[in-house]
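1. give me a 3D structure for the following:
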Amino acid sequence: MEHFLSREKALVTLTFIAVIAISGCGNNQDRVFWSPYQDLNWTDIGHYDSEFHTHPGLGDEQYDPHQTIDRYHEEGYKILTLAAHDYDIPDDHMNSIYPWIRLSEIYDNIKNVRNPTEGNKTYGEIANEPFQDRDPVELGMVSVEGNEVSGPHHMVSLFNSLTDGAATEAATLKLIEDLGGIVYFAHPGRYVDRWGLTAHWYVDLYLRFDVLIGQAIYNREDSHPGDRAFFDKVAHILGPDRPIWLYGEDDMHREETLGWNRDVILLENFRPGSMHPDIPDGSAPDVLTALKNGYSYLWKPSRQYNKRAFNIVDVIVSDSEVEIKTDNENQVDEVRWQTHNPDLDLTETIHFGYKISRANIPEYSRFVRAEIQGPEGTIFTQPFYLKATK
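-> Numbering: from 1, shown residues only. Sure thing, here's the model as predicted:
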């Protein structure tokens, strides 16, 4: 497995880092705020909870696919991917657990096939019951095709049918690119701890593949607490010329890991559907656009199942200031602004309050992000980057 950069790739990456470091060292007056939210028409925006990393019933998991859909529907999620592990997918018989209107057909195709990762049990033996069809339109949901691919680093691959990761991450990303999909890194802390991957390893892949949209900062309740600071470090190195986005993921195998994260997708005129040819598209193409462009924020509940107690209802951005507005302000205890401090190599809080100005930003900072905390949970915004004006 090629988990580390070749000398040539490392030199390219270090050269890029040196260039952005030089360009980012100017006076704050030579920089302006850039926000992924600034083109949104907030008066028409709705807030739609999503989950893209959940495991439904091909391996050692509690729920079958239709049961997984039903549970997330009960919890109020509007956008969902049934992301099977690629090693659990019998490639000769299926690609992904998609479309939902064909779940019974998928079951019939695989019920007598054996899964070697589960002691050669058949998929019929693994299932609780025969899979049942679900129609996302009838449920008022958007279904998104995807899988968790081992690339070897696990990645959540969306809007494509890739079933098998390749021998290297770069080769896997090229396959997703060729299929027109997008992808984010799942639970990076696992690989930082196990393999010693560095921020520069991630930076190299972000620079080479536009299909990489970001990485998880929460997995389940909080499997890897260092993932927030690690995201900040990667985002700092990349800077405003290569923005990346943060996500949370239930990584649900059993009920106890369901409902711990809600990626809130910001959309106008939500319509249920899917990009499968037998289902109306609805808002599925808009979900793809939102994921690419950072039109989202993360709701992290303080307790499992907690639904959003407040929403971001406007973000006002000028060259020198960012102001966030929420509804239900009585549910908010604190708004803090975070950035990466390269001298200390850690995340630091640099300001409090709904509004931050350029004067509050250290010159070493290349982005800030807000954490809006209340007793029911915390909103994590996407980064607001600082771009040079010349």
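
2. could you point out the helix or strand that follows the lowest-mean-pLDDT helix or strand in the chain?
-> Comparing every helix and strand of the chain by mean pLDDT, DSSP states H and E singles out helix 7-23 as the least confident one, with a mean of 44. Scanning forward in sequence from helix 7-23, with DSSP states H and E defining helices and strands, the next element found is strand 31-34.

3. which stretches of the stretch 251-390 of the chain form strands?
-> Using DSSP state E, counting those that start in this stretch, the strands of the stretch 251-390 of the chain run over 262-268, 273-274, 296-301, 312-317, 321-326, 334-341, 346-352, 355-357, 367-374, 377-380, 384-388.

4. contacts for the third one next, please.
-> By CB atoms under 8 Å, 6 or more residues apart in numbering, the list of residues contacting strand 296-301 from outside reads 49-50, 217-218, 245-248, 259-266, 290, 307-308, 312, 376-382. Any C-beta I mention is one placed from the backbone N, CA and C, and that applies to glycine too.

5. the fourth one too?
-> With contact meaning CB under 8 Å, 6+ apart, strand 312-317 is reached by 33-35, 37-38, 40, 42, 45, 297, 322-327, 372, 379, 381, 384.

6. pull the number of nearby residues for the nearest residue to Lys325 once chain neighbours are set aside.
-> Using CB to CB, 6 or more residues apart in numbering and skipping the chain neighbours, the partner closest in space to Lys325 is Asp314 (4.1 Å). Residue neighbour count, defined by other CB atoms under 10 Å, stands at 14 for Asp314.

7. where does this protein have low pLDDT?
-> 1-27 (pLDDT under 70).

8. please repeat the previous calculation with a cut-off of 50.
-> 1-15, 17-26 (pLDDT under 50).

9. helices of this structure, start to end?
-> For the chain, the helices defined by DSSP state H occupy 7-23, 65-74, 103-110, 123-126, 136-139, 169-178, 188-195, 199-208, 227-238, 284-293.

10. packing partners of the third one?
-> Helices and strands in packing contact with helix 103-110 are listed as helix 65-74, helix 123-126; criterion 3 or more CB pairs under 8 Å, 6 or more residues apart in numbering; DSSP states H and E.

11. deepest-packed of the ones you listed, please.
-> Mean neighbour counts were taken over the helices and strands packed on helix 103-110 using mean count of other CB atoms under 10 Å, and the top value, a mean of 20, falls to helix 65-74.

12. which residues are in contact with that one?
-> With contact meaning CB under 8 Å, 6+ apart, helix 65-74 is reached by 51, 54, 56-57, 63, 80, 82, 97, 100, 103, 106, 128, 131-134, 139, 141, 252, 255, 258.

13. 6 Å instead, please
-> If you take CB atoms under 6 Å, 6 or more residues apart in numbering as the criterion, helix 65-74 is touched by 56-57, 80, 82, 97, 103, 131-132, 134, 139.

14. who wins for neighbours among those residues?
-> Across the contacts of helix 65-74, the neighbour count under other CB under 10 Å reaches its highest value at Ile97, namely 28 neighbours.
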